[in-house]
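Q: Please find the sequence and the predicted model below.
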Amino acid sequence: MSTIDRREMLRRAGSVPLAGLAVTAAQVEAAHEHVAKAKAVAKAGPFQPRLFDAHEWATVRLLADMVIPADDRSGSATEALVPEFIDAIATDELAEPREREELQTRLRGGLRWLDREARARFGRDFAGCAEGERKAVLDAIAWPEHVAPGLEAGAAFFTLFRDLVASGFWSSKVGCEDLDFRGNTFVAEWTGCPPEVTAKLGSGREPGGQR
């Protein structure tokens with residue numbers, strides 16, 4: 001976990017399906033719309049999650065920022081409202097009931113697993129552990145292909161959670177700015193890809209598409 005930066009997170013998230021979930025682009029867009037509305041309503045107070053209780057919500061927020069902390073380019077997962085995004089995805093009324101219930105069970109069960117593992121190692125719930133202790137728990141489950149026997153359930157949960165964080169972050173305003181995404185913007189004139197980009201890709205195309 002400590003060796004994965006957000007660029008590696010993006011590469012990994014883009015190379016595999018969302019932990020086996022059938023989450024569509026429409027659901028992602030709807031989740032962000034829900035977050036925006038909930039944020040507007042919650043200006044007078046904190047966001048009220050529809051799925052998680054207070055203890056779970058605190059753990060979700062802490063864990064999301066461990067997956068994608070703030071850096072010198074952009075804000076953290078919580079600044080991008082990723083926990084709110086996860087809550088919206090997990091309670092999406094347009095999703096198949098069976099899939100929605102399965103996701104909710106996997107998320108809440110995984111959070112309980114984290115607490116049990118942290119208590120077994122350090123005598124405290126995950127959120128109550130010191131930073132180094134929390135990292136030790138995550139390091140043990142961050143690489144599913146190398147996880148020790150008995151920790152498979154934790155690894156499966158963390159893979160799911162990490163995928164959800166990545167999906168929420170890089171589809172948010174903060175994440176798009178982090179990627180320097182320039183889609184949906186007016187371009188007065190198209191002059192082709194920059195030479196350094198075409199050289200790196202080895203396409204050999206000149207501006208305007210000519211070889």
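A: Cool, got the structure. Just so we're clear, the structure is a prediction, and the values are computed from it rather than from any experiment. Numbering: from 1, shown residues only.
Q: And the lowest mean pLDDT element among the helices and strands of the protein?
A: helix 6-15 (a mean of 49; mean pLDDT, DSSP states H and E).
Q: tell me which residues of stretch 111-119 are tucked away?
A: Judged by neighbour count using 16 or more other CB atoms under 10 Å, the buried positions of stretch 111-119 are 111, 113, 114, 115, 117, 118. (Each C-beta comes from the backbone N, C-alpha and C, glycine too.)
Q: ranges for the helices of this structure?
A: Taking DSSP state H as the test, the helices found in the chain are 6-15, 25-41, 54-67, 82-90, 97-122, 131-139, 152-170, 173-179, 195-201.
Q: what's the least confident stretch among those?
A: Sorting these by mean pLDDT places helix 6-15 lowest, at a mean of 49.
Q: What's the separation between residue 84 and residue 76?
A: 13 Å (CB to CB, to the nearest Å).
Q: For those two, indicate the residue with more neighbours.
A: Taking neighbours as other CB atoms under 10 Å, residue 84 and residue 76 compare with residue 84 leading, 27 against 19.
Q: and the gap between residue 158 and residue 92?
A: 22 Å.
Q: Which one's more surrounded, these two?
A: residue 158 (26 against 20).
Q: was I right about the more buried one contacting residue 138?
A: Yes: contact criterion CB atoms under 8 Å: residue 158 and residue 138 qualify, at 6.7 Å.
Q: so what sits against both of these two?
A: Residues touching both residue 158 and residue 138 by CB atoms under 8 Å, 6 or more residues apart in numbering: none at all.
Q: Now for residue 146, how many residues are close by?
A: The number of residues packed near residue 146 is 9, by other CB under 10 Å.
Q: ok so, going back, wait, which of the buried residues of stretch 111-119 is closest to residue 134?
A: In terms of CB to CB, no member of the buried residues of stretch 111-119 lies closer to residue 134 than residue 118, at 7.4 Å.
Q: got the contact list for the nearest residue to that closest one once chain neighbours are set aside?
A: Residue nearest to residue 118 in three dimensions, not counting chain neighbours: residue 126, with 4.2 Å by CB to CB, 6 or more residues apart in numbering. For residue 126, the contacting residues are 59, 62, 63, 111, 114, 115, 117, 118, 134, 137, by CB under 8 Å, 6+ apart.
Q: Which pair of the residues you listed spans the longest distance?
A: 62 and 117 (14.8 Å).
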